[in-house]
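> fold the following.
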Amino acid sequence: MLAYYRTIELEAPENRRLADMLVPPLRLLLDRLSTVEKARAIATRALRGLQGFASVFKVKVGEVEGGVSEPGVAASGHLETDLPDLLLLVGEAARAADTAVALLLDEVQYLSAEDLAALIVSIHRIGQRGLPLAFFGAGLPSLAALAGEAKSYAERLFDYPEVGALGQTDAERAIRGPLRSEGAEIEAAALSAIVERTKGYPYFLQELIRKGMVYSPQHGDTAFTVPMFDIFMKRSMPEWVAPNRQSAEN
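Numbers count the residues shown, from 1 in each chain. All right, here's what the predicted structure looks like:
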């Protein structure tokens with residue numbers, strides 16, 4: 001019986017190979033699985049496969065590149081062959097350890113066509129074997145088309161739920177929740193105005209300080225980090241500026 005998922009969380013930046021991203025967390029995962037007695041043999045074999053994979057794709061993290069590899073496993077130099085071989089070993093090690101692995105990959109649209117095709121083939125083969133390795137990817141709306149171009153069967157291999165704007169209740173909760181955690185409240189009119197202005201778009205709902213757009217020079221004050229952003233705001237929202245200015249003057 002599977003106890004819990006071990007997760008690998010990655011974000012795919014532009015112009016970076018999937019092999020570069022996968023090797024370090026897979027090394028850490030397999031090291032941990034190798035401490036489980038009944039999974040030690042297969043986890044050790046997977047580590048040797050990872051060493052061969054890292055060597056052939058010129059990935060060096062610590063002492064991963066080089067060393068003793070698993071003969072004939074994940075070291076052909078063809079990603080669409082080697083990545084499935086490697087992830088199958090990872091899945092077998094997880095099954096032996098009575099656990100499961102979840103690969104979480106954001107910005108999937110930035111993967112090269114070669115990397116995306118290899119990943120799709122890997123997930124397909126893992127599913128055929130019934131191994132406890134799941135994949136969750138996130139990306140732009142173009143992702144479904146990109147996956148279909150990489151491998152035609154990707155359309156029936158994955159589900160593509162759309163993540164769009166939040167409804168009124170969820171949008172209000174996204175604003176009010178963080179405020180209350182800081183001991184603050186918000187008026188109903190202001191809350192409704194924010195939801196209306198952002199159209200429920202999650203990114204805009206919780207933009208402020210952590211993104212570096214504004215900062216607090218002292219308690220109770222807020223300032224913009226971008227020059228002339230205040231002028232832009234006044235130009236974009238004139239109906240808000242006049243009442244607030246009048247209120248401040250009174």
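> C-alpha from now on. contacts and neighbour counts both.
OK.
> please parse the protein into its domains.
As assigned by automatic domain parsing, the chain contains the domains 5-157, 164-207, 213-250.
> okay if I get these as CSV plus mean neighbour count?
Shown next, in CSV, are the domains of the chain (neighbours: other CA atoms under 10 Å):
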stretch, mean neighbour count
domain 5-157, 18
domain 164-207, 14
domain 213-250, 11
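> now those in JSON lines, with mean pLDDT?
JSON lines is the format used below for those (pLDDT from 0 to 100):
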{"stretch": "domain 5-157", "mean pLDDT": "91"}
{"stretch": "domain 164-207", "mean pLDDT": "87"}
{"stretch": "domain 213-250", "mean pLDDT": "69"}
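> Leu10 contacts Leu104, correct?
Yes: between Leu10 and Leu104 there is a contact under CA atoms under 8 Å: 6.1 Å.
> which residues are common contacts for these two?
Common contact partners of Leu10 and Leu104 (CA atoms under 8 Å, 6 or more residues apart in numbering): none.
> ranges for the helices of this structure?
Under the criterion DSSP state H, the chain contains helices at 18-33, 40-56, 79-96, 113-129, 143-150, 154-157, 168-181, 188-198, 202-205, 229-236, 238-249.
> how much does the longest one deviate in direction from helix 40-56?
Note on geometry: by axes from the mean of the first three to the mean of the last three CA atoms, to 10 degrees, helix 79-96 and helix 40-56 are set 160 degrees apart in direction.
> which elements pack onto helix 79-96?
Using 3 or more CA pairs under 8 Å, 6 or more residues apart in numbering; DSSP states H and E, the elements in contact with helix 79-96 are helix 18-33, helix 40-56, strand 100-106, helix 113-129.
> nearest to Leu86, of the ones you listed?
Ranking the helices and strands packed on helix 79-96 by proximity to Leu86 (CA to CA) places helix 40-56 first, at 6.3 Å.
> can I get that closest one in PDB, CA atoms only?
The C-alpha trace of helix 40-56 is given here as PDB (Å, rounded to 0.1, in the frame of the first residue of the first chain):
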ATOM      1  CA  ARG A  40      18.000  -0.800  -2.200                       C
ATOM      2  CA  ALA A  41      18.900  -3.000  -5.100                       C
ATOM      3  CA  ILE A  42      16.700  -1.400  -7.700                       C
ATOM      4  CA  ALA A  43      17.400   2.100  -6.400                       C
ATOM      5  CA  THR A  44      21.200   1.400  -6.600                       C
ATOM      6  CA  ARG A  45      20.600   0.200 -10.200                       C
ATOM      7  CA  ALA A  46      18.700   3.300 -11.000                       C
ATOM      8  CA  LEU A  47      21.500   5.500  -9.500                       C
ATOM      9  CA  ARG A  48      23.900   3.700 -11.900                       C
ATOM     10  CA  GLY A  49      21.500   4.400 -14.700                       C
ATOM     11  CA  LEU A  50      21.400   8.000 -13.700                       C
ATOM     12  CA  GLN A  51      25.200   8.100 -13.800                       C
ATOM     13  CA  GLY A  52      25.200   6.900 -17.400                       C
ATOM     14  CA  PHE A  53      22.500   9.300 -18.300                       C
ATOM     15  CA  ALA A  54      24.300  12.200 -16.800                       C
ATOM     16  CA  SER A  55      27.500  11.300 -18.500                       C
ATOM     17  CA  VAL A  56      26.100  10.900 -22.000                       C
END
